[in-house]
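[1] show me the folded form of this:
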Amino acid sequence: QPQLVESGGGLVQAGGSLRLSCAASGLTFSTYTMGWFRQAPGKEREFVAAITWTESGTYYSDSLKGRFTTSRDNAKNTVYLQMNSLKPEDTALYYCAASSYYSSDAARQQYYYDFWGQGTQVTVSS
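    Sure thing, here's the model as predicted:
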């Protein structure tokens, strides 16, 4: 059974950085596009970033591009989300997900993701 486990969340002051990790098991990790989504209290879950299996495609939410970077290590079955210059509005539960689709449009949509982690909480204080 595929499993995705996020880690690295926590409490950080505004302007700080965090690196989230997502370890995958039970699937052929290197063949999946890996995405990051987040959900703030009272809001819908939204796309953050995604990276295709070859790393040739990385996609970001326009509002986050430049502060967040995603990368992957296929040898470790792990995807990362480096978050810099964090703001209080970045406070959310962050999820990683795996998709068998590779297009930019599919990478940005929750519908195309097959497997999801339980999420890791990121709280940014002002």
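[2] convert the helix or strand of the chain with the lowest mean pLDDT to PDB, retaining C-alpha atoms only.
    Every helix and strand in the chain was compared by mean pLDDT, DSSP states H and E; the lowest is helix 104-107, with a mean of 89. Taking C-alpha atoms only, helix 104-107 is exported to PDB below (Å, rounded to 0.1, in the frame of the first residue of the first chain):
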ATOM      1  CA  SER A 104       1.800  21.300 -15.900                       C
ATOM      2  CA  ASP A 105      -2.000  21.500 -15.800                       C
ATOM      3  CA  ALA A 106      -2.400  18.200 -14.100                       C
ATOM      4  CA  ALA A 107       0.400  18.900 -11.600                       C
END
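[3] for the following helix or strand past that helix, packing partners?
    Using DSSP states H and E, the helix or strand that follows helix 104-107 in sequence is strand 113-116. Contacting strand 113-116 under the criterion 3 or more CB pairs under 8 Å, 6 or more residues apart in numbering; DSSP states H and E are the following elements: strand 3-7, strand 92-99. The way it works is simple: take the backbone N, C-alpha and C, and place the C-beta from them, glycine included.
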